[in-house]
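J.: Below is the structure, and that's it, no one-letter string:
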């Protein structure tokens, strides 16, 4: 079925040097009436609208995709031949406009998008559909203009893959490394753990897995957890700011006598997930902050911006790694809490983010090659008395960090017909309000800063 654009979408026209401009309806009709199918249509004339009208492609949700330097972007093909990026709802006039925009998010030096070679429709490059159209309607056309684009794009991806492999060989994995190779969220259907079976290298590491209950695997939750409302507020705020995935650490205390894990502070990582150069400096700063506050590292959080707040196979392995590291550092058992925040998943109830605490139970000893079992953690949420200056300062630092980011959420746009993105973040954060109701006036200063980031 076709898709219609949301209310007041942002239309992006800039497609870089190689943008195939979309023809207006009049121009396209003139092309057809003057030249007909028998004469050559210029490269500029073969647009998504042409392919739609001639039945080679059909409009639909999530049928377009870009895979670039390990990142994935998903788009809807609209009835008028335009593209709506699923991540933000932005509308793009052509494949090159969308490809250039997405690629610049990953590689700011990228000047053009090679749209027809970059964008895939239902798994196949659009360049192939262009070739099919030319073969069908203009068999005498020169096909080199399509194949050259394809070769250039594949060569760039190949070089990047080789460079990434070389870089990985020279870098030892650190605590942050297990979280840096992520991709943009898209609609993914979670699977049940019992369907996974033995670990399989061919399985997509981004496959989402439903959480089990401790009781379902004949276990008791081996620890209790209490999470401060200020932790949830700062974490939720961080996850709302950008359409890209974010990550942060959790500080708190572990009481071996009561088996209580208390999460008292969130520490957002103000860095890009793929930026290994700054990751160590950010981690060092967080470690110092933990030490100064007399807190221990007790967990981590990350976002699935537009997807369900459920762990992927990669998240399960990352969580297991963290659990083993924390347990080994104390010569005794210490739990490590994982939290996933889903701010912009349309399956959420109302404007509130879905927040999922989880833990991973190792596979049975007789099945060591199975995946760890992700289980839901029961948590007690403790309402703080007031919003601390620490949290407020961290929120302002985050606003400054993302202020000029290309993937900053446009808070003046609409989440749904009657709710702006700014209204949405306000509503979600109100779920983590402290007892002191003056917090709302304090946060208005932060919200006013979000309103001026465009």
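T.: Structure's in. What do you need? These numbers come from a predicted model, not from an experiment.
J.: what about the helices in the protein?
T.: For the chain, the helices defined by DSSP state H occupy 25-35, 48-53, 95-106, 115-118, 126-137, 144-170, 229-240, 276-292, 313-329, 389-402, 421-429, 439-451.
J.: The last one to helix 421-429, inter-axis angle?
T.: I take that to be helix 439-451. 150 degrees (axes from the mean of the first three to the mean of the last three Cα atoms, to 10 degrees).
J.: where in the protein is pLDDT low?
T.: Residue ranges of the chain with pLDDT under 70: 1-45, 70, 109-114, 139-187, 274, 328-332, 453-454.
J.: Share the number of residues neighbouring the residue nearest to residue 302 when sequence neighbours are not counted, please.
T.: Closest residue to residue 302 in three dimensions, ignoring its sequence neighbours and counting by Cβ to Cβ, 6 or more residues apart in numbering: residue 247, at 4.3 Å. Every C-beta, even on glycine, is put in place using the N, C-alpha and C of the backbone. Counted with other Cβ atoms under 10 Å, the burial measure for residue 247 works out to 22 neighbours.
J.: who's in contact with residue 247?
T.: Shown here is residue 247, whose contacts under the criterion Cβ atoms under 8 Å, 6 or more residues apart in numbering are 179, 269, 273, 300, 301, 302, 303.
J.: which one of the residues you listed is nearest residue 77?
T.: The nearest member of these to residue 77, counting by Cβ to Cβ, is residue 303 at 26.7 Å.
J.: Would you check that that closest one makes contact with residue 354?
T.: No - between residue 303 and residue 354 there is no contact under Cβ atoms under 8 Å: 10.6 Å.
J.: neighbour-wise, which of these two wins?
T.: Neighbour totals were compared for residue 303 and residue 354, and residue 303 leads with 29 against 17 (other Cβ under 10 Å).
J.: sorry, back to before: with distance to residue 419 added, can I get the contacts of residue 247 in CSV?
T.: Written out in CSV, the entries for these read as follows (distance: Cβ to Cβ, whole Å):
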residue, distance to residue 419
179, 31
269, 29
273, 28
300, 30
301, 25
302, 25
303, 20
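J.: Of those, which belong to strands?
T.: Counting by DSSP state E, the part of these found in strands is 300, 301, 302, 303.
J.: what sits against the nearest residue to the second one once chain neighbours are set aside?
T.: Take residue 301 and drop its neighbours on the chain: the residue closest to it by Cβ to Cβ, 6+ apart is residue 339, 4.0 Å away. Applying Cβ under 8 Å, 6+ apart, one finds that residue 339 lies in contact with 235, 250, 299, 300, 301, 302, 355, 356, 357, 358.
J.: rewinding a little: right, so of the helices of the chain, which gets closest to residue 378?
T.: Among the helices of the chain, helix 229-240 comes nearest to residue 378, with 15.4 Å by Cβ to Cβ.
J.: Restricted to buried residues, select the contacts of residue 247 in PyMOL.
T.: Selecting in PyMOL just the buried members of the contacts of residue 247, where the criterion is 16 or more other Cβ atoms under 10 Å, is done with this command:
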select buried, resi 179+269+273+300+301+302+303
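J.: Of the contacts of residue 247, which is the nearest to residue 242?
T.: Taking Cβ to Cβ as the measure, residue 303 is the one of these closest to residue 242, at 8.4 Å.
J.: ok, the closest residue to residue 392 other than its chain neighbours - how many residues close by?
T.: Counting by Cβ to Cβ, 6+ apart, residue 442 is the residue found nearest to residue 392 once chain neighbours are left out, at 6.5 Å. By the criterion of other Cβ under 10 Å, residue 442 has 16 neighbours.
J.: Residue 442 and residue 424, how far apart?
T.: Note on residue 442: its distance to residue 424, by Cβ to Cβ, to the nearest Å, is 19 Å.
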